Structures are given as C-alpha cells and as structure tokens.
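>>> The following comprises the amino acid sequence and a computationally predicted model.
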Amino acid sequence: MPIYFAEEAGIFHLRSSQISYLMKILPSGDLAHLYWGPRLRKDADLSHLLEREERALQPYLVPGERDDFSLDRGLSLDMIPQEFPGYGRTDFRYPAYQISQEDGSRITPLTYQEHEIYQGKQPLPGLPATYVEEDDEAASLEILLQDSLTDLQVILKYSVYENLPVITRSASFLNQGSQDLKLEQALSAALDFNDDNFEMLQLSGAWSRERSLKRRPLEMGTQAVASKRGVSGPYQNPFLALLRPETTEHQGEVFGFSLIYSGNFLAQVEVNHFHQTRVRMGINPFDFRWLLQPGESFQTPEVVLVYADRGLNAMSQTFHQLYRTRLVRGRYRDQERPILFNNWEATYFDFDEKKLLELADRAAEADIELFVLDDGWFAARNDDTSSLGDWQVNREKLPSGLSDLGKKIERRGLKFGLWLEPEMVSPDSELYRRHPDWCLQVPDRTSSQSRNQLVLDFSCQDVRQEILERISAVLEKAPISYVKWDMNRHLTEIGSAQLPPERQQETAHRYILGLYHVLEELNQRFPDILFESCSSGGGRFDPGMLYYMPQTWTSDNTDAADRLKIQYGTSLIYPLSSMGAHVSDTPNHQVGRITPLKMRADVASFGVFGYELDITRLSEEEFTEIKQQVKKYRKIRHLIQTGTFYRLLSPFDSEIRETAWLVVSQDRNEAYVGYFRALAVPNPPFNFLKLKGLDPAKSYQLQDDGRIFGGDELMQAGLLIPEIYDPAAETPDSRQAGLYGDFQSFTWHLKEI
C-alpha cells in the first residue's frame with residue numbers, strides 16, 4: 001500500500017514509485033502540508049519543517065470551550081503550510097473554503113476526526129475524474145474533517161498513482177447539522193510551498209489563438225487565471241504550473257496543476273510576506289453560492305497534481321499518459337481515430353445532397369475514412385440566424401433524409417458523421433417559441449445573444465430530457481459513427497427560471513453538471529459513436545470534456561503557421577490523440593495566409609488528422625499529394641495515438657517561428673519527427689536537430705531514403721536540417737529534398753532495424 005499513516009506523529013505519507021506527498025495533523029486538528037516532491041523513505045517525518053517562532057503582529061490560536069486541544073505555545077496558521085485552509089482563524093491568506101451560517105458567521109474551523117486508506121480509486125458522483133482499471137494502480141486516502149458547532153463534515157479525497165508522479169485531490173461537503181449553510185467558496189485543493197522561488201506558467205489566448213504559453217516570475221501578492229464565462233473558455237485554460245527559474249523543457253523542477261472541470265474556474269497563486277506560496281484551484285468563487293441544507297452534500301471537481309524534475313516535457317508526458325489512458329474512456333480510447341473530411345470550409349451553409357456526394361466521392365478516392373456533415377443540415381438553417389433546437393432534417397437540401405444520405409456515404413466506403421450544437425437554441429426556432437422559459441435568463445432583464453443564439457438551461461431536468469430525446473432520435477435514425485458537438489457562445493444572464501431565488505448562484509455549476517449528465521447518457525446509449533468536442537474551435541478544451549469526448553477541435557484557426565503555436569501550447573497538457581487537426585484551404589479562411597499543402601499536412605499530422613476544404617476543386621497534382629499524405633498518415637497514426645511526445649524547438653522562442661517535435665513509440669522502436677520554419681533565412685547556417693527519447697543502443701533507418709543512424713548519434717549529434725541555398729538550381733524534386741522559402745516543413749519517419 002503506497003499510503004502510510006504514522007499514528008504517533010500524525011503524519012500521512014502518499015508515496016508512489018516516483019514521488020512523495022506528506023501532511024501532518026496539528027495539535028489544533030488542522031492539517032499541515034509538509035512536502036511534495038521526489039520520493040522519500042517511507043518513514044520520513046519532516047515535522048521539524050513546521051517549527052515556527054512567534055513573529056510580530058501574528059495572532060495565534062488558543063483553545064476555546066468547544067476545543068479539546070492544548071498548545072505549549074501559540075500557533076499561528078498564517079505561518080503554517082496547510083492542506084485545506086479556512087477563513088478567519090489567524091490565517092490571512094485566501095482560504096480553500098468559506099461557509100456562511102444562519103446567524104451570519106463565516107468562521108467554520110474544520111478539524112481532523114478520522115481517515116480511511118484503501119486500494120483503488122472511487123469515481124466522483126456526477127463529475128468527470130481520472131480512474132483505475134485495477135485496484136493496485138492507485139491507493140486512496142479520505143480524511144474526515146468536521147466543524148463541531150455546525151456539524152459540517154468535509155471529506156478530503158486523495159489518490160496516488162503507483163507508477164506515475166500523480167496525486168489527485170477533491171473535497172466533499174456534507175451538512176450533518178440542523179441549519180442551512182451556504183458555501184461561499186468550495187475549492188478543490190489548496191497547497192502551500194515554503195518559498196516563492198518560482199515562475200508561473202499558464203495557457204492563455206483567445207478565439208483562433210488558443211493556449212499560448214505565458215511565463216512570468218512570482219511576485220508578492222496574488223496572480224491568477226480564471227474564467228467567469230460559464231465555461232473554461234479559450235482565454236484561460238484550467239491549468240497552471242510552478243517551475244523553478246532555471247527550468248526548461250528537459251531539465252528542472254515543475255509542479256503542475258490541472259482541473260478536471262469545464263465551467264467557471266479559478267487557479268490562483270498567492271505569495272505572502274514570508275515568501276511562502278499558496279496555490280488554490282477549483283470552481284471560481286465569483287458569483288458562486290451553494291445552499292447546503294441539512295443532509296445535503298456537495299462534491300468539488302478533481303485537481304490533478306503532477307510533479308516532474310526533468311522539465312516541462314516530463315510533466316507533459318505524465319499528463320498525456322494519464323489523460324489518454326485513465327481519463328478518456330470507451331471504444332475510441334485505444335482505437336486509432338479515422339481520417340476525416342469535413343465539408344464546412346468547402347461549402348459553409350451552401351450545399352445540397354448532390355454537392356455532398358461529389359465531395360464524398362473525391363474523399364473516398366483519396367482513401368479518407370469518415371465524411372462529416374457540418375452545420376446547415378437541419379430545419380431552415382441556411383445561415384446562423386435560425387433553427388438551433390429544431391433537430392429535423394432540411395428536406396430542401398437533403399430530400400431523402402439523413403438516413404439515406406448516410407447509407408449513400410457508407411456505400412462509398414466512408415463512415416458518416418454529423419455536426420450538432422445541442423446546448424443552444426435560436427430565438428427563431430420552434431423550440432424557443434414553445435419554451436422561452438427553457439433558456440438561461442434573469443427576470444425582467446433582456447437576454448443577450450451571441451451568434452444569434454441563446455443558451456438552453458441545462459440545469460433543468462426537463463430541458464436535459466428533451467434534448468436527450470431529440471438528439472437520440474437523430475442518432476438512432478441514421479448510420480452515424482461520429483458527432484462533432486459544438487458550443488458557440490458563452491453564458492450571460494446566468495439565471496434559471498426553474499430555480500428558487502436562494503439558489504440562483506448555483507446556476508452556472510448546475511449547468512455544467514447537467515451537461516455532464518447529458519453527455520454521460522449519450523455515451524451509454526451510443527457507445528460506438530466517436531464524439532468530438534468543439535466550442536468555436538478550442539474554446540472548451542479542458543480535461544472535463546475529454547472524459548466524455550476523446551478528442552477536441554483544437555482551433556477554428558487552421559492556418560499551418562498559427563497552428564504551430566496552438567498545438568505546441570495545447571501539448572503542454574493534452575495528448576496528440578486529443579487534438580483535432582485539419583488541412584484546410586489556401587489562402588487560409590481565418591488569416592488569409594498562403595502556405596504549401598505539404599506544410600499544412602505535416603502540421604496536421606501531429607494530431608487527429610483530417611481535411612476541410614473543397615476537395616473537388618483541387619488540381620490533379622494537389623489531389624495526388626493528398627492521397628500520398630493520407631497514405632503517409634496511416635503509417636504513423638499509431639504513433640500519434642499512443643506514442644511519447646517530445647517538444648524540441650518552440651515557436652514562442654524564435655523570430656523565424658522555428659518549431660520541432662517528435663513522437664516515439666512506447667518500445668522506442670519507431671519515431672516520427674517534424675521540423676517547421678515559418679520564415680525563410682538568407683544564406684542559412686548548417687543546423688542540426690538533436691532528437692529525444694530514442695534508444696541509444698538501437699539503430700534506426702529513415703523510411704524515405706534508407707539511411708541508417710544510431711540512436712545515440714541522433715540524440716547527441718542530430719539530423720542535418722536540409723536546406724536549398726541556390727534557388728537557381730531548384731527543381732520539383734529538390735523542393736521535396738530541402739527547405740527553401742517561407743512556411744517550410746520536413747518530416748522524418750524512423751524505424752529500428
């Protein structure tokens with residue numbers, strides 16, 4: 001059992017094959033945090049780290065009438081690293097929770113009562129979370145804390161994975177008393193460090209430029225990333241990392257925090273006057289209040305803590321392995337994903353069955369495996385001004401219906417997929433005209449629109465049931481093997497006509513719980529359908545959605561040069577198998593940039609691969625190239641799905657936007673390498689790309705030209721990046737052999753011999 005409890009010292013030690021995590025029960029019953037880092041001997045104590053001398057202006061705890069503890073000297077929680085700090089009892093930092101009582105009091109001390117240690121890991125009711133398939137993969141600890149005055153109980157839930165440097169945390173609140181309590185803050189985790197020698201790394205951006213890396217030193221005070229949009233959003237991701245200033249991709253210490261949640265979140269770092277650092281993560285307390293009546297409980301989302309002492313890349317590899325194998329579920333977790341064609345940028349809303357079948361014919365000829373019909377197939381949906389919620393086929397465009405179209409697609413050797421946006425409703429729709437009260441709304445206030453649509457109130461059971469039945473009817477009547485689940489606006493006027501006044505601030509979280517309920521039900525009803533999440537591109541790319549949908553549309557921006565940054569940043573947390581990546585038209589529809597078809601495919605090949613352009617209008621030369629790209633991707637698809645990813649050169653570090661990465665098979669017998677350069681270099685130097693992750697004792701053969709190199713050579717000396725210096729000597733053949741001009745790429749496929 002990798003969890004130990006030293007009863008006399010009151011110390012819990014969570015210990016995997018790589019890390020240790022220690023905490024201690026204080027005489028006051030509070031939980032102190034001792035250590036998180038490289039693995040220690042199992043009898044490590046570390047109590048001496050809590051020795052604190054009294055300081056000026058520091059209040060200290062004294063036993064009260066209801067307390068049964070004694071202290072030799074005053075104890076100030078303001079100086080003590082803690083596990084789940086409360087409000088108002090000598091600690092002036094931000095707390096992990098805050099409770100309002102009926103008399104207006106907000107002082108709710110939680111003290112240790114008992115604990116349970118067991119093998120395995122339990123699911124969280126109604127919430128996505130990591131899991132185990134065998135009990136010996138992880139061990140769990142549940143610590144019961146209680147406030148003796150209100151009889152509020154909180155269970156802190158910890159799990160440690162045996163063979164990964166991973167700790168998971170969450171908290172469950174249970175009102176065992178007789179009065180109503182209000183949760184003003186209910187975060188999933190708080191964790192204190194004894195120093196502030198860190199830099200903070202976050203993933204920030206906007207629509208079409210999601211998840212850029214932002215790194216800055218910690219300063220005294222508070223720094224945070226958050227969402228108040230009702231969803232995780234493209235602007236901030238529910239993630240942060242603390243890393244030492246000297247940390248790079250491949251060396252140095254990293255502490256990563258990732259929240260498995262898709263709604264409003266907070267990830268905050270606070271540095272106090274003693275240069276101690278506190279990290280808090282969970283549901284954003286802004287505009288949140290949860291009424292907890294006697295006998296009711298509240299479960300917080302799960303936070304995943306990852307430690308690495310070999311740089312950011314090692315942290316990423318842990319997140320990738322955990323999320324790919326123990327967060328993603330279902331048939332498609334381990335199955336290779338189909339190469340798809342999506343008609344959106346080929347037709348937008350302007351299509352009919354004849355045009356779709358022409359596209360399908362050409363896609364089948366290129367050996368593409370899945371045809372996806374995007375927005376515009378239903379009701380009167382000829383633009384984005386109407387019909388969301390009315391999920392009946394548009395017979396003017398598709399006179400024979402979805403089922404017949406799907407069968408025609410299948411007869412061409414393709415599977416059939418469909419776009420849906422079930423969380424939204426158009427004011428111009430039959431659903432809205434019948435049920436205007438089914439939208440998020442505030443009494444006597446006008447509801448804002450975005451993309452001509454309103455948000456359905458998924459906190460309401462009637463709404464969820466109606467949407468479930470409407471979507472199920474569509475999926476049952478046609479041979480659909482893939483669904484693109486879109487969500488194209490954020491939440492405003494967050495209120496529910498179905499909830500009483502005292503529960504209105506629960507609406508945002510109840511919406512997310514309702515969404516999870518719908519997705520879980522659809523997963524159970526349609527286990528053979530591959531669901532892909534989309535939110536105006538990558539606007540809801542978070543671990544919570546991966547639990548229900550194993551891949552996410554990474555960004556609406558399909559420009560190859562921009563995708564280097566987007567996919568690089570996304571890979572900090574999320575595996576390649578979760579990133580939808582398509583080859584689109586040129587000039588690019590988002591930025592107008594012209595890039596070679598080769599680079600577009602090379603970038604997209606490091607994700608779940610597909611095409612999104614009018615394939616019927618390509619030249620024969622371009623179409624032949626696409627057929628070669630599809631054939632090439634089939635050969636390396638298993639690496640993208642299950643391999644170990646290494647970032648080599650960052651597009652955020654170079655003026656010429658130079659990027660390189662590779663993926664290596666688990667047995668290190670095979671690798672696929674990509675090098676990309678956005679801007680040309682005159683009279684370029686001779687550059688060598690040093691690889692990572694290979695076996696130094698093995699020999700590898702380049703699949704394109706047959707050359708053989710030792711793994712040690714490739715990692716220590718590197719591959720020469722091919723260049724064309726003399727453009728006068730350029731030929732079509734030479735363009736394939738080297739880089740010349742802007743927006744160039746090169747890939748290598750290596751196999752052990």
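That came through fine.
>>> The spatially closest residue to residue 369 that is not a sequence neighbour: what's it in contact with?
Closest residue to residue 369 apart from its sequence neighbours, by Cβ to Cβ, 6 or more residues apart in numbering: residue 338 at 4.0 Å. All C-beta atoms are positioned from the backbone trio N, CA, C, and that covers glycine. Residues near residue 338 by Cβ atoms under 8 Å, 6 or more residues apart in numbering: 369-370, 415, 482, 530.
>>> Of the residues you listed, grab the buried ones for PyMOL.
Buried residues among these (16 or more other Cβ atoms under 10 Å), as a PyMOL selection:
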select buried, resi 369+370+415+482+530
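>>> quick check, nearest of the contacts of residue 338 to residue 709?
Set against residue 709, the nearest of the contacts of residue 338 by Cβ to Cβ is residue 369 (33.2 Å).
>>> What separation do you get for the closest one and residue 344?
Between residue 369 and residue 344 the distance is 18 Å, computed by Cβ to Cβ, to the nearest Å.
>>> coming back round to it: and the contacts of residue 338, which of them are in strands?
Counted as lying in strands by DSSP state E, out of the contacts of residue 338, are 370, 415, 482, 530.
>>> okay if I get those as JSON lines plus distance to residue 174?
Shown next, in JSON lines, are the ones in strands among the contacts of residue 338 (distance: Cβ to Cβ, whole Å):
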{"residue": "370", "distance to residue 174": "46"}
{"residue": "415", "distance to residue 174": "46"}
{"residue": "482", "distance to residue 174": "41"}
{"residue": "530", "distance to residue 174": "38"}
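>>> In a markdown table: the residues you listed, plus distance to residue 190 and pLDDT.
Formatted as a markdown table, the ones in strands among the contacts of residue 338 follow (distance: Cβ to Cβ, whole Å; pLDDT from 0 to 100):
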| residue | distance to residue 190 | pLDDT |
| --- | --- | --- |
| 370 | 44 | 98 |
| 415 | 46 | 98 |
| 482 | 40 | 98 |
| 530 | 37 | 98 |
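>>> Looking at these, which one is closest to residue 138?
residue 530 (27.6 Å).
>>> Would you reformat the contacts of residue 338 as a markdown table and include distance to residue 96?
Listed next are those as a markdown table, based on distance: Cβ to Cβ, whole Å:
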| residue | distance to residue 96 |
| --- | --- |
| 369 | 47 |
| 370 | 45 |
| 415 | 47 |
| 482 | 41 |
| 530 | 38 |
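>>> How are the helices of this protein distributed by residue range?
Ranges of helices in the chain, per DSSP state H, are 311-326, 344-347, 353-365, 401-411, 430-434, 461-477, 507-525, 543-546, 560-570, 597-604, 620-642, 711-716, 732-737.
>>> Let me know the closest of the contacts of residue 338 to residue 456.
Using Cβ to Cβ, the contacts of residue 338 come closest to residue 456 at residue 482, 22.9 Å.
>>> Quick check: bridge partners of that closest one?
Beta bridges link residue 482 to residue 417, residue 530, judged by DSSP bridges.
>>> unless I'm mixing things up, it is touching residue 374, no?
No: contact status for residue 482 versus residue 374: not in contact, 11.5 Å apart, counting by Cβ atoms under 8 Å.
>>> where does this structure dip in pLDDT?
65, 68-73, 724-737 (pLDDT under 70).
>>> how close does the spatially most central residue of it sit to residue 236?
Nearest residue to the geometric centre of the chain (Cα atoms, centre = their mean): residue 542, 2.7 Å. Noted for residue 542: a distance of 10 Å to residue 236, by Cβ to Cβ.
>>> what does residue 454 give?
Taken as Cβ to Cβ, the span from residue 454 to residue 236 is 24 Å.
>>> between the two, who's got more neighbours?
Taking neighbours as other Cβ atoms under 10 Å, residue 454 and residue 236 compare with residue 454 leading, 25 against 22.
>>> Which residue is the nearest non-sequential neighbour of the more buried one?
residue 439 (4.4 Å).
>>> what are the bridge partners for the nearest residue to residue 299 once chain neighbours are set aside, then?
Closest residue to residue 299 apart from its sequence neighbours, by Cβ to Cβ, 6+ apart: residue 172 at 5.0 Å. As for beta bridges, residue 172 partners with residue 155, residue 299 under DSSP bridges.
>>> what's near enough to touch the closest residue to residue 233 other than its chain neighbours?
Among residues not flanking residue 233 along the chain, residue 227 sits closest, at 4.7 Å (Cβ to Cβ, 6+ apart). For residue 227, the contact set (Cβ under 8 Å, 6+ apart) comprises 233, 235-236, 238, 263-265, 284.
>>> Neighbour-wise, which one of those leads?
In the contacts of residue 227, the most neighbours by other Cβ under 10 Å go to residue 238, 31 neighbours.
>>> From residue 301, how far out is that one?
Distance of residue 238 to residue 301, given as Cβ to Cβ: 9 Å.
>>> List the contacts of the residue nearest to residue 299.
With contacts defined as Cβ under 8 Å, 6+ apart, the neighbours of residue 172 are 154-155, 157, 297-300.
>>> And residue 526, by the same measure?
Shown in contact with residue 526 (Cβ under 8 Å, 6+ apart): 472, 475.
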